[in-house]
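**Student:** the amino acid sequence is not available; the structure is as follows:
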């Protein structure tokens, strides 16, 4: 049981505007009218799209960030059953993970929008909380997107539509633009190739990655081959399916804890397991599951099922990753416990609490005695102090404190937050960041 | 450059005054290093010297009235010597000696702003008393490990005297204070979580980065056998508030709760809403009684199934609030309920 995928890498070192979209010698030329045409079939509920470009090195802040997409296109798939990139979104949901995929490296398509706060498109959890990327200083370490050229798609939505309609159109139009740009590489020589093949090597322990994602409704969903994973039981994936976009992030409710699609397809833990595959371990698979299981009954059912699946494929070790806060931590910890009870060794990673300096309250919402190998992703409760920046992308103001009637400071000004909740990916649940909480 | 100056504290035993029989001794001051101070001073390679050693009997300084009496004498010594750092102990796992070392360090650091360091075994009861008041180097359990423990103490003392910031607890060898600082590590969390698993699989040593919770789990209360005389209160973590959120309860990481009187005629969707940021609030916004089932409780009361219920409810937002804050809010609610004769609570979570 294994898959072989070749990623052809096409770096983007410069982005220019031009008469038509083109990729040549690491220079990506974009024509915005052409891109608008590409987005048009998916723009029924969109009033306007306009473009901005962030380039690495700028002293900038990006606000209203929604999903960030890795532009890629599959050029070679098994003829009878092979699917295309991001199956189930723009493409038919055939299985992916085999063949060849062209990837634009160092470049993202980033959605930014100030969606309506009224009841039609907002309910409790289910609204797009303002997500912020600061490209300079300490906080740049939260995301990979300070070092990538980001084509920012700014959206103004048509009035009076539903959350579902906004969510759908933004995702599909951004995906279409990403796909169009990746398509420019077809037939060109790549800079290099990366081969992902998890054929088992004798004598090494099998290890699985549990990839547990939030799914609680529109703006807090994760899509698997195009559908939310709400009622999905834990499902075994080949790691390469992840690389080709079988899982797409739709969780926009919690900027700190969300996993953007770019991360789903460039999973830091997944790539680390691949790096050690055949050397220290056998990468046996990814177990995709839903976090935020609604009750203890559901949580026991899900976590036991994951442990059984890991045992069934012969795993000796497992890495537990979850997306989300306290609720999801319970799912994660129960999974660690159930695996250890079956003799499968587990490590996990989590952001921590601890108040302003680590001494307030508890560091974790939940734990189990078996969780003796926990990596700290830093605390989200520390004060975040953002310096003023020269330029803002994605919007002119920040949109904060909805429950208190709203607060809209200038997007370039210095600002302090009690927690890192507004900082994109600051919970570090994908393991991308080097930020951790050191004990003093 | 002149040498840095250390002032060293030891107990009667390490000062050479005697054992337990001399534990009542008051303050003694010596012009030379005594006991462990000799070994420590040698490790500074001339950068710092122990200018004086002072000592008290363990029983003497542990007694409150003696400690109060000797404080001014100690501070007088400090003002004469003007040391760059205070070093006490190490006390290993000795409880009284630990308290003595902690007191001396805490006093001088607090009153004179001079940094201090002592050394103890982690289970020494004085550790909890003086954590974050002074630096506590981690030592072995008994004096048998003196040779292993002193270099740690010496290195920390020198850094403190030079006013250099201390690194992490594990790097410097002091007992963790509980303070945790967000910093950039050498490796990504992804890299570390895989390395940790491999160490576990290969039976190699590894250190977890997040200690498990210290406080125990809360056992569920015993069920009530007879409700008919019991007055019920209402608590919800579902974020129900009067429209406009008058108490400005936060939609996540709440650090407060509200107390709201229920008037049945106005207890409806026109006047109440949920500000909770962790679930779909549509159903609750249609009817606040989905979180606070007031009419249902009145009905139970009328039928004699429950004794009574309050005409108010406590409400907060249960998402992203840390456990410490939750305990504090819960204790405060419980106190108010008890004062009001409430013996049971309908607690609706979401």
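**Tutor:** That came through fine. These figures come from a predicted structure and were not determined experimentally.

**Student:** spatially nearest residue to residue A:314, not counting backbone neighbours?
**Tutor:** For residue A:314, ignoring the flanking residues on the chain, the nearest one in space by Cβ to Cβ, 6 or more residues apart in numbering or on different chains is residue A:206 at 5.0 Å. Yep, even glycine has a C-beta here, placed from its N, CA and C like the rest.

**Student:** quick one, domains of chain B?
**Tutor:** According to automatic domain parsing, chain B comprises the domains B:4-172, B:231-348.

**Student:** could you give me the average pLDDT of stretch B:38-51?
**Tutor:** Taken as a whole, stretch B:38-51 has a mean pLDDT of 96.

**Student:** how about the helices in the stretch 101-250 of chain B?
**Tutor:** Assigned helices in the stretch 101-250 of chain B, in chain order: B:125-130, B:146-161, B:169-172, B:189-201 (criterion: DSSP state H, counting those that start in this stretch).

**Student:** format the ones you listed as CSV; extra columns: mean pLDDT, mean neighbour count and distance to chain A.
**Tutor:** Output for the helices of the stretch 101-250 of chain B, formatted as CSV (pLDDT from 0 to 100; neighbours: other Cβ atoms under 10 Å in any protein chain shown; distance: least, Cβ to the nearest Cβ, whole Å):
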stretch, mean pLDDT, mean neighbour count, distance to chain A
helix B:125-130, 96, 17, 13
helix B:146-161, 97, 20, 13
helix B:169-172, 96, 15, 5
helix B:189-201, 98, 23, 3
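
**Student:** in TSV: the ones you listed, plus distance to residue B:97.
**Tutor:** TSV is the format used below for those (distance: least, Cβ to Cβ, whole Å):
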stretch	distance to residue B:97
helix B:125-130	8
helix B:146-161	13
helix B:169-172	22
helix B:189-201	37
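
**Student:** so for residue A:302, which of those sits nearest?
**Tutor:** Proximity to residue A:302, assessed across the helices of the stretch 101-250 of chain B by Cβ to Cβ, is greatest for helix B:189-201 (20.8 Å).

**Student:** tell me which residues are up against that closest one.
**Tutor:** Contacts of helix B:189-201 from elsewhere in the structure, counted by Cβ atoms under 8 Å, 6 or more residues apart in numbering or on different chains, are A:205, A:207, A:268-269, A:271-273, A:276, A:280-281, A:316-319, A:321, A:345-349, A:373, A:375-377, A:428, A:430-434, A:436, B:185, B:187, B:204-206, B:208-209.

**Student:** what are the phi and psi values at the most centrally placed residue in chain B?
**Tutor:** Closest to where the C-alpha atoms of chain B average out (Cα atoms, centre = their mean) is residue B:178, at 6.4 Å. Per-residue torsions, residue B:178: phi 100, psi -20 (degrees, to the nearest 10).

**Student:** skip the chain neighbours and tell me the closest residue to it.
**Tutor:** In space, residue B:178 comes closest to residue A:359 once its chain neighbours are excluded; the distance is 4.3 Å by Cβ to Cβ, 6+ apart.

**Student:** what is the neighbour count of that neighbour?
**Tutor:** Neighbour count of residue A:359, defined by other Cβ atoms under 10 Å in any protein chain shown: 15.
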